[in-house]
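In: Any chance you could fold what I've pasted below:
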Amino acid sequence: MFCYVLSIVFLLWLVYVYTTFPRYPQSMPLRERFIFYISEIVTVPTFWKLALDNIGLISLPHLCRFFASSPPIRLILPHGRPENRTLGGVSVTIFRPPASNRDADHRPRGVVYLHGGGWYLGSIYSHGAVAAQVAVKAKAVVVFVNYRLSPEHIFPAAVDDCFDVTEAVVQQADELGIDPNRISTLGDSSGGGLVLSVALRRRAERLRPLRAQILVFPILQCVYFGFSSYSNDRTVLITKQMVTMAASLYVAGDLRLLEPLANGRVLSRNTAEELLNRRWELGLSEDQLARHSLDAPPSEFESALLDPSLLPLAAKSMHGFSPTLVITSSLDVLQSEAELLAKRIRKAGGHVEEKSYEAPHSFFNYVGPYVGVDAAANAVDEIAAFLERNS
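Out: Down below sits the predicted model:
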């Protein structure tokens, strides 16, 4: 009986494989499609189970270890172990390039790395290999920020930690062996949004801009889901529901905002018009605005949802930024808002470069031996080249 049930389950799994694989580009190597597919069938149902159970354990390190797609860091950085210490009152892990990669005449550049994971997942176990690769390829001292995660620590805890570490790196550059004039920030997914949030806060406090900033498929907002990339049936690995779940956990510490965010009903009518049509220049009609706004008084979380420290795409101005690299994925629901960011920075007179890869969200994590994919390796090379040109 058990074998019979197991056979049925296996047949259903094969059917799912057959119907799922065509969503990935046929030009993508079969091995890479299989890697992304396994990640999808493991992570998506588990994320939703955690959401439905509404438990407060989703930021435990062992979960990140379970989902870790990265190979052991020692396979990428064999010449030395990363250093754990505290900067700005926050735990960090520091990756240094091998001695053979260092310029004997200059101190290496510094990169503050803000990992992704929807503000509630992610750690050295899931993103450490990326940090190690950047250290090697960009010849940089990479400071990996172990910022506080939701739902135990809600907004603005993550932004505060990332800002404090960035400022500590600037102030303690000599001690860290970093060139103080060559410090940049790098972040993927929610970490990409945090990179921009840090830049906005530094601008507000009239601090000197950093040398460069790099955003990889960033989460920049969660109040409007009418962007074309959200209706792209080729998107995989991350969904609108996963974005709204992460935002609700980060803002409210629970799932009370899940339904309002998913329905696009968290903004007052005037705020919707100001944000969507004036700042983002989406040109929505009155009927379209009505579908994305409330006639009743605004949500109690509206001010937080529009705070540039949380959703940096809502910032009134995009002027005064250091050179920016925006990396997107053509199979990602977040692509359109990242492209809008690049457009706004360019319109404000800033220097911005864009690079898109035909790969799903989170492809950046798949670096190194065993689970490495071409898009991730190329993205790291692109980052290293951008830093070489700009820092």
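
In: Can you tell me the centre-most residue of this protein?
Out: What sits nearest the mean C-alpha location of the chain, by CA atoms, centre = their mean, is Ser189, with 1.3 Å.

In: That residue and Pro218 touch, don't they?
Out: Yes: the pair Ser189 / Pro218 is scored as a contact, 6.7 Å apart, by CB atoms under 8 Å. Glycine gets a C-beta too; all of them are placed from N, C-alpha and C.

In: Need the overlap of contacts for these two.
Out: Leu334 (CB atoms under 8 Å, 6 or more residues apart in numbering).

In: The residue nearest to the residue nearest to the centre of the chain when sequence neighbours are not counted: what's it in contact with?
Out: Once flanking residues are discounted, Ser189 sits nearest to Gly116: 2.9 Å by CB to CB, 6 or more residues apart in numbering. Counting by CB under 8 Å, 6+ apart, Gly116 makes contact with Gly122, His127, Gly187, Asp188, Ser189, Ser190, Gly191, Gly192, Val216, Ile219, Ser362.

In: Which helix or strand contains Gly116?
Out: Under DSSP states H and E, no helix or strand contains Gly116.

In: where do the strands sit along the protein?
Out: Ranges of strands in the chain, per DSSP state E, are 83-87, 90-95, 109-114, 140-145, 183-188, 212-216, 324-331, 352-360.

In: Relative to Ala252, which of those is closest?
Out: Of all the strands of the chain, strand 109-114 sits nearest to Ala252, with 21.9 Å by CB to CB.

In: Quick check: mean pLDDT of the closest one?
Out: On average, the pLDDT along strand 109-114 is 98.

In: show me what contacts Lys240?
Out: Phe225, Tyr230, Ala262, Val333.

In: Quick one: find the helix or strand in the chain with the lowest mean pLDDT.
Out: Every helix and strand of the chain was ranked by mean pLDDT, DSSP states H and E. The lowest is helix 61-67, at a mean of 41.

In: Low-confidence stretches in the chain?
Out: Along the chain, segments meeting pLDDT under 70 span 1-3, 5-6, 9-80, 100-105, 233-236, 294-298, 368-372.

In: Do you have the helices of it handy? List them.
Out: 2-20, 30-53, 61-67, 124-137, 157-171, 173-176, 190-204, 240-252, 258-262, 269-272, 286-291, 302-305, 335-347, 374-390 (DSSP state H).

In: buried stuff in the fifth one?
Out: Residues of helix 157-171 classed as buried by neighbour count (16 or more other CB atoms under 10 Å): 157-170.

In: State the distance from Asn84 to Glu152.
Out: Distance, Asn84 to Glu152, by CB to CB, to the nearest Å: 21 Å.

In: who's Ile214 bridged to?
Out: Leu186, Leu325 (DSSP bridges).

In: doesn't Pro323 make contact with it?
Out: No: using CB under 8 Å, Ile214 makes no contact with Pro323, being 9.4 Å away.

In: Between these two, which is the more surrounded one?
Out: Neighbour comparison, Ile214 and Pro323: the larger count goes to Ile214, with 28 against 21 (by other CB atoms under 10 Å).

In: how near is the more buried one to Leu261?
Out: 27 Å.

In: returning to what we had before: in contact with the residue nearest to the centre of the chain, which residues?
Out: Gly116, Gly117, Gly118, Val216, Phe217, Pro218, Ile219, Leu334, His361, Ser362.

In: Repeat that for Ser285.
Out: Taking CB under 8 Å, 6+ apart as the definition, Ser285 has no contacts.

In: Now do the shared contacts for Ile214 and Pro323.
Out: Phe386.

In: okay, Asn84 and Glu152: which has more neighbours?
Out: Between Asn84 and Glu152, counted using other CB under 10 Å, the more crowded position is Glu152 (15 against 12).

In: any idea how far Gln241 lies from Ala262?
Out: 6 Å.

In: ditto for Ala377
Out: Ala377 is 35 Å from Ala262, by CB to CB.

In: okay, those two: which has more neighbours?
Out: Between Ala377 and Ala262, Ala262 has the larger neighbour count (other CB under 10 Å), namely 18 against 15.

In: which residues touch Arg107?
Out: Gly177, Ile178, Asp179.

In: Please spell out the ChimeraX selection for the buried subset of these.
Out: In ChimeraX, this line selects whichever of the contacts of Arg107 come out buried by 16+ other CB under 10 Å:
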select :178,179
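
In: closest to Ala140 among the contacts of Arg107?
Out: Using CB to CB, Ile178 is the member of those that sits closest to Ala140, with 8.5 Å.

In: With adjacent residues omitted, what lies nearest to the closest one?
Out: Counting by CB to CB, 6+ apart, the nearest residue to Ile178 once its immediate chain neighbours are dropped is Gly110, at 3.7 Å.

In: is it possible to export the contacts of Gly116 to TSV including distance to Asp254?
Out: Converted to TSV, these look like this (distance: CB to CB, whole Å):
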residue	distance to Asp254
Gly122	20
His127	25
Gly187	25
Asp188	25
Ser189	21
Ser190	18
Gly191	23
Gly192	25
Val216	28
Ile219	19
Ser362	25
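
In: Of all pairs in those, which one spans the longest distance?
Out: Taking CB to CB, no two of the contacts of Gly116 sit farther apart than His127 and Ile219, at 14.9 Å.

In: Would you mind listing the residues in contact with Asp307?
Out: By CB under 8 Å, 6+ apart, the residues touching Asp307 are Phe155, Pro156, Ala314.

In: now that we have those, which one has the most neighbours?
Out: Tallying neighbours with other CB under 10 Å puts Phe155 at the head of those, with 23 neighbours.

In: quick one, what contacts that one?
Out: Residues in contact with Phe155 (CB under 8 Å, 6+ apart) are Trp119, Tyr250, Val251, Ala304, Asp307, Ser309, Leu310.
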